[in-house]
Structures are given as structure tokens and as C-alpha cells.
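K.L.:
Task: produce atomic coordinates for the following.
(chains A and B)
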Protein chains: 2
Amino acid sequence: MTLHTYGFDLATTVTPRPDEPSVFDAELHDNWRIGMGINGGLLLALAGRALCAELGDGVDGHLDPFSISGYYLSPTSPGRATLRTETLRRGRTVSTGSVSLTQAGDDGEPVERVRVLATYGDLDGHTDHIRTSATPPDLPAPADCVSTDLAPPEFLKQAPFLGSVELRLDPGTIGWVSGTPSGRGMARGWFRLPDGREPDPLMLLLAVDVLPPVNFDLGVPSWAPTLELTVHVRAKPAPGWLRIVHSTRNFAGGYLEEDAEAWDSAGRLVAQSRQLARVRLPQ
Amino acid sequence: MTLHTYGFDLATTVTPRPDEPSVFDAELHDNWRIGMGINGGLLLALAGRALCAELGDGVDGHLDPFSISGYYLSPTSPGRATLRTETLRRGRTVSTGSVSLTQAGDDGEPVERVRVLATYGDLDGHTDHIRTSATPPDLPAPADCVSTDLAPPEFLKQAPFLGSVELRLDPGTIGWVSGTPSGRGMARGWFRLPDGREPDPLMLLLAVDVLPPVNFDLGVPSWAPTLELTVHVRAKPAPGWLRIVHSTRNFAGGYLEEDAEAWDSAGRLVAQSRQLARVRLPQ
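P.N.:
Residues are numbered from 1 along each chain as shown, chains lettered A, B, ... in the order given. As a prediction, this is how the structure comes out:
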């Protein structure tokens, strides 16, 4: 049993500096590390929360990320981080802003870790019109999926982030665990936060980056550092488990695109994302 | 027969200001307008060329966009534009920069039109490894497709951009022309530049945004202004026609995502993109 001492809301807390407008302090915790750095979706959610503060104030505040893109510049490490936000345009329907996340380097000077652009609005203002042709993934029930709590200790040590989330992986997409990857380049599973904290638009920015990288299912068990991750949040999610699907169509030249979809418990496609990741090939 | 007096290279020319580093002047021409503004892919290519100048100098110059994201803030109009670039990180394998494109507003003050983030590298440095599962679209030959030169004059007046490109649309995806859209949310066609200028990574940034919006094929014939467009350039394209496919899986709440793929004449998937667009629904 895992202790969840540093949940999502705490991990994405941004504290405004009283004397410096649009500057926020935050703390990155090892509990959200995967491989060499903090999970990229968690960083996007952290930047997203700073933009909520930047773009969300006033009566016409825009609190929901419609589209958000993170460009990852250098690996983050646990410890203090600074976020600087900027409003690029404040509009009637949507507003756009940017965030720069920095940490102090070895010499104490700020080193930029992630630069983010995002357009925010009010998801409640969307029309009721739905003509989605995508269909939710056909997953075995959570009880019939594989909990990441069962991962070997040496794996969890590399990915302590897995202790901060609740994941149930579709057995059909984790053949790589026993040396028999499916070769389709797919990952599927159920996701929720272990402390009962329900999904919302910011949490979806994390949700699209929680499954194992799709290259595992292609028989290439390397970490896949993200160069760029863009998420479209398309609706406020209903409470309960999310179903997440990752797939790739183009693994070439040492890079792959990874598409993710997040489906809520009401069967609605609430977020879509795509990232470009570098995959170190076996020699 | 169309006169192509303002081709792609001229339309994406950026002139560095001798006394202001990282500031470039450019000219937006009505020949590249579609609906209310200049084509979003052309704007991305223009910003991309400014970043070539910013990130491409030196022996380890990074000249090729691996991933580039444009956030569209306000409609462009034909006339002068200014681009300001910034290097965020210069690395060994990749470098990341940003661009802000502005035009003078009614009061002469600069108004930001597009903000761009991008990571550049050297596509020739990619490995030869290819495990792409995507397959090229099965299109009728260009001679059996429909040239946009045949569009009605009132349509071309709304989209003079069509005179600057050479497009052959798959008859199976333009039923909307005669009031019988397929309902699949798809567009497919051949694309090249009319002056014989061959494709390269920058030209691919345009290529992913040249087909009619997929909502036409869903029976919703409205312009679909882009909020955000991200392109991954995955390989240098071979000379000749490109095959372009657009599709959507999620048209909901007045917004849709539009995925595009560009395939070169050698059958390689050279670029992938996704955009979030707003679609005005019929009343």
C-alpha cells in the first residue's frame, strides 16, 4: 500500500509573489518523478494552474485550457521552481497566455525547463452539439486490469510517480512486462487519483501522460523523453475513472508521435493530446 | 490559368533589421488570404523561416523544425508584419525558440497575430530506423482528381490563396461541392507549388493546412478559424507531389480537432499535424 502524501492539488500549487505580479513559486516533488525528471503531464498541469491565475480573474475569466502546448527544454529535478506568466491576448471567448518554468541551475542562475503556450476559455460556454465519430476503448473492468502497484520495486524506484496515481493497465497492452510486446504501439488503461480527487480540466493535462510509453509495446523498452506535448481539453469530465488510450502511427528516425485520448465515466471524449518523443534505440 | 506572382519563397521572406538583432520584417500578401485572414500554414512557415535564421546559424545550426506550434491570436491582414524571435535553449541535438508576429493595429500600435514555439534540429541526423504502421492514402491519380482551378469565381474571391497553390482534390471527399458531403469528416488530395518549387521542411508547414476544412465533409460549410496548429516534420520530403489527408474524430461543442498527414512521392510520412479549430454551427 502506497502513502499519498503529495497529491495532485498540492503538487500543482502555485504561490503568487506578493510583490511581483505574474510570478509564482512552486515545489517539484520526487513523488512525481519518472526516470530523469518530473512527469511531463504534471508539469503541464502546474503551468496550467499558473495560467488559471493569470487568465482566470475578473467576471469574464477564462479558467479552462482549450489547447495547451508544452515545449520541454531541460530535465526538471525535485525542488523549487518559478513560473512566470504573460497574457498575450485577452478576448471575449478565449484568452491566450504563456508560462516559463525555471529552476536554479548549478550556478544558481535560472535555467528554463518548460515553455508553455495556451488558449483558455469557459468549457461551460460550449454548445451541446456533439458529432464525435471516435468510440470509447473497450477495456476490461478495472478489477480485471493490472495495477501498477504490482510493478517490481526496482521499476517503481525509477518511476516514483506511479505511487502518486492509480492506474489499471489493460493486460492486452502490457505483454512487454513478460517479454511479449504486442507490436501494435498501444497502451490502454484506467486512471484516477488515489485520494478520491475527481477529474477536472487541469487534471486531464496529467491524465494524457500517465500510461507507459507506447514504444514499450513496440518492444523498445526505453524511456521516451517528450520534446513537445499539446493537449486539447474538449469537455469537463464526469466524476470517476478515466479511460486512457495511447497510440502511435509513426515510429521513425528515433522519434515517435504519441496520441492520447481521455474518456470520462459518461463515455465522453474529454481530452485529446499528441506529443513528439525521442526514443533511444537499442544498439 | 492563374498567375503566380507571389510564390511561397517570396511570401515567406524575412528581412533582418540591420540594427535590431532577432527582428525581421515581412510582407503578407492578399494572394495567400483565405476568408478573413492569411492562411495559417503560410504564417507558420513564415515564422518557421525566421526561426531558421535565429537557430540555424553556426556550424551546429539547427535548420529543420521537428515540432512547431502556432497560437493564433487575431486575424492577419495583407500588409507589413514584424517577427521577433527568441532563443530559449540551444542544445547539441535540438534547439528551441519562439516567434511573435505582429502587425500595426488601427492606432498604429503593434497587435500580436501569432505566437509560435518550436524545436529545431537536423533531420539528416535522424537514424534510418522506420517502423511506421501508418499507410499512405489510396488516392486517384492527380489527373483523375479535381483541380481547385475549377472552383466558382465567388469562392476563389473568398480564398485567393487557392491561386497560389496547386491542389487536386479526391472526388470522394468533395461531395459537399454538390450538396452531398460524405459525413466522414475527411479531406484528401494532392498538393504541390505551381512554380515547380519542390517541397522541403518549411513548405510542409504550409502543406498540412491547404485542404478544405473537414467540417465541409460533415455538411457544415463554415470557415473554421484555427486556434492552435502544431506540426511535426518527420523527414525531408522527396521531390514531387505530396499526398495530404485531413480527418477529425471529435466535432463537439462548436470545436473540432483536425489531423493532417503529408506523404511524399517516395511513400514516406513526412509530416503530421493537429489543429484545434472553432466551427460556427448553422443556426
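K.L.:
make it CA atoms for all contacts and neighbour counts henceforth
P.N.:
OK.
K.L.:
For the stretch 1-150 of chain A, which segments count as helices?
P.N.:
Here the stretch 1-150 of chain A has its helices, by DSSP state H, counting those that start in this stretch, at A:8-11, A:40-55.
K.L.:
Just put these in CSV and tack on distance to A:Glu154 and mean neighbour count.
P.N.:
Shown next, in CSV, are the helices of the stretch 1-150 of chain A (distance: least, C-alpha to C-alpha, whole Å; neighbours: other C-alpha atoms under 10 Å in any protein chain shown):
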stretch, distance to A:Glu154, mean neighbour count
helix A:8-11, 24, 17
helix A:40-55, 21, 26
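K.L.:
ok, A:His246 touching A:Trp190?
P.N.:
No: using C-alpha atoms under 8 Å as the test, A:His246 is too far from A:Trp190 to be in contact (11.8 Å).
K.L.:
Looking at the two, which one has more neighbours?
P.N.:
Using other C-alpha atoms under 10 Å in any protein chain shown as the criterion, A:His246 and A:Trp190 rank with A:Trp190 on top: 28 against 24.
K.L.:
which residues touch the more buried one?
P.N.:
A:Trp190 makes contact with A:Pro142, A:Leu167, A:Arg168, A:Leu169, A:Asp170, A:Trp241, A:Leu242, A:Arg243, A:Ile244 under the criterion C-alpha atoms under 8 Å, 6 or more residues apart in numbering or on different chains.
K.L.:
next one: A:Glu261
P.N.:
Neighbour list for A:Glu261: A:Val208, A:Ile244, A:Val245, A:His246, A:Leu269, A:Val270, A:Ala271, A:Gln272, A:Ser273 [criterion: C-alpha under 8 Å, 6+ apart].
K.L.:
Now it: closest residue in space, sequence neighbours ignored.
P.N.:
Excluding the flanking residues, the one nearest A:Glu261 by C-alpha to C-alpha, 6 or more residues apart in numbering or on different chains is A:Gln272, at 4.6 Å.
K.L.:
Just put the helices of the stretch 1-150 of chain A in CSV and tack on distance to A:Gly185.
P.N.:
Putting these into CSV (distance: least, C-alpha to C-alpha, whole Å) gives the following:
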stretch, distance to A:Gly185
helix A:8-11, 28
helix A:40-55, 20
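K.L.:
so can I have CSV of these showing distance to chain B and mean pLDDT?
P.N.:
Below are the helices of the stretch 1-150 of chain A laid out as CSV (distance: least, C-alpha to the nearest C-alpha, whole Å; pLDDT from 0 to 100):
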stretch, distance to chain B, mean pLDDT
helix A:8-11, 25, 96
helix A:40-55, 14, 97
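K.L.:
What residues sit buried inside the helix-or-strand element of chain A with minimal mean pLDDT?
P.N.:
Using mean pLDDT, DSSP states H and E, the weakest-scoring helix or strand in chain A turns out to be helix A:153-158, at a mean of 86. Judged by neighbour count (16 or more other C-alpha atoms under 10 Å in any protein chain shown), helix A:153-158 contains these buried residues: A:Leu156.
K.L.:
Show me what that helix is in contact with.
P.N.:
A:Arg33, A:Ile34, A:Gly35, A:Leu162, A:Gly163.
K.L.:
Please report the distance of the first one from chain B.
P.N.:
Going from A:Arg33 to chain B by C-alpha to the nearest C-alpha, to the nearest Å gives 22 Å.
K.L.:
partners of that residue in the sheet?
P.N.:
Per DSSP bridges, the residues bridged to A:Arg33 are A:Ile38.
K.L.:
circling back to that earlier point, do you know which of the helices of the stretch 1-150 of chain A lies nearest A:Thr226?
P.N.:
Nearest to A:Thr226 among those is helix A:40-55; the distance by C-alpha to C-alpha comes to 7.3 Å.
K.L.:
name the helices or strands packed onto the closest one?
P.N.:
With contacts taken as 3 or more C-alpha pairs under 8 Å, 6 or more residues apart in numbering or on different chains; DSSP states H and E, helix A:40-55 sits against strand A:64-72, strand A:79-90, strand A:95-104, strand A:110-121, helix A:201-207.
K.L.:
Need the winner for burial among these.
P.N.:
Sort these by mean neighbour count, taking mean count of other C-alpha atoms under 10 Å in any protein chain shown, and strand A:64-72 sits at the top with a mean of 27.
K.L.:
what angle do that one and strand B:79-90 make?
P.N.:
Put simply, strand A:64-72 runs at 60 degrees to strand B:79-90, going by axes from the mean of the first three to the mean of the last three C-alpha atoms, to 10 degrees.
K.L.:
contact partners of stretch A:43-62?
P.N.:
A:11-14, A:22, A:24, A:63-65, A:68, A:70, A:83, A:85-87, A:90, A:92, A:94-99, A:101, A:116, A:120-122, A:202-203, A:205-206.
K.L.:
Just list the residues touching A:Gly70, thanks.
P.N.:
Neighbouring residues of A:Gly70 by C-alpha under 8 Å, 6+ apart: A:Leu44, A:Val114, A:Arg115, A:Val116, A:Leu117, A:Glu228, A:Leu229, A:Thr230.
K.L.:
Determine which two of the residues you listed are furthest apart.
P.N.:
Of all pairs in these, the most separated under C-alpha to C-alpha is A:Val114 and A:Thr230 at 12.7 Å.
K.L.:
In space, what's closest to A:Pro140 - neighbours in sequence excluded?
P.N.:
Once flanking residues are discounted, A:Pro140 sits nearest to A:Asp170: 6.7 Å by C-alpha to C-alpha, 6+ apart.
K.L.:
Could you give the backbone dihedrals for that neighbour?
P.N.:
Main-chain dihedrals, A:Asp170, degrees, to the nearest 10: phi -60, psi 120.
K.L.:
repeat for the one 10 residues further on
P.N.:
According to degrees, to the nearest 10, the main-chain angles of A:Thr180 amount to phi -130, psi 70.
K.L.:
dump the residue contacts of the closest residue to it other than its chain neighbours.
P.N.:
Leaving aside its sequence neighbours, A:Thr180 sits nearest to A:Gly219 (C-alpha to C-alpha, 6+ apart; 7.8 Å). If you count contacts by C-alpha under 8 Å, 6+ apart, A:Gly219 has them with A:Trp176, A:Gly179, A:Thr180, A:Pro181, A:Ser182, A:Gly183.
K.L.:
for chain A, which spans come out with low pLDDT?
P.N.:
Segments of chain A classed as low confidence (criterion: pLDDT under 70) are A:1-5, A:59, A:283.
K.L.:
tell me which parts of the stretch 1-150 of chain A are close to chain B?
P.N.:
A:67, A:69, A:71, A:73, A:88-89, A:96, A:112, A:117-119, A:126-134 (C-alpha under 8 Å from any C-alpha of the partner chain).
K.L.:
can you pull the buried residues of stretch A:253-270?
P.N.:
Buried, per 16+ other C-alpha under 10 Å, within stretch A:253-270: A:253-264, A:268-270.
K.L.:
Pick the one among those closest to chain B.
P.N.:
Chain B lies nearest to A:Gly253 out of the buried residues of stretch A:253-270, by C-alpha to the nearest C-alpha, at 4.4 Å.
K.L.:
And the closest one, its phi and psi?
P.N.:
According to degrees, to the nearest 10, A:Gly253 has phi 70, psi 20.
K.L.:
correct me, but it touches B:Ile130?
P.N.:
Yes: taking contacts as C-alpha under 8 Å, A:Gly253 lies within contact range of B:Ile130: 6.2 Å.
K.L.:
The helix or strand following the least confident helix or strand of chain A packs against which elements?
P.N.:
Sequence-wise, the next helix or strand downstream of helix A:153-158 (DSSP states H and E) is strand A:166-169. Counting contacts by 3+ C-alpha pairs under 8 Å, 6+ apart, strand A:166-169 is packed against strand A:146-147, strand A:186-192.
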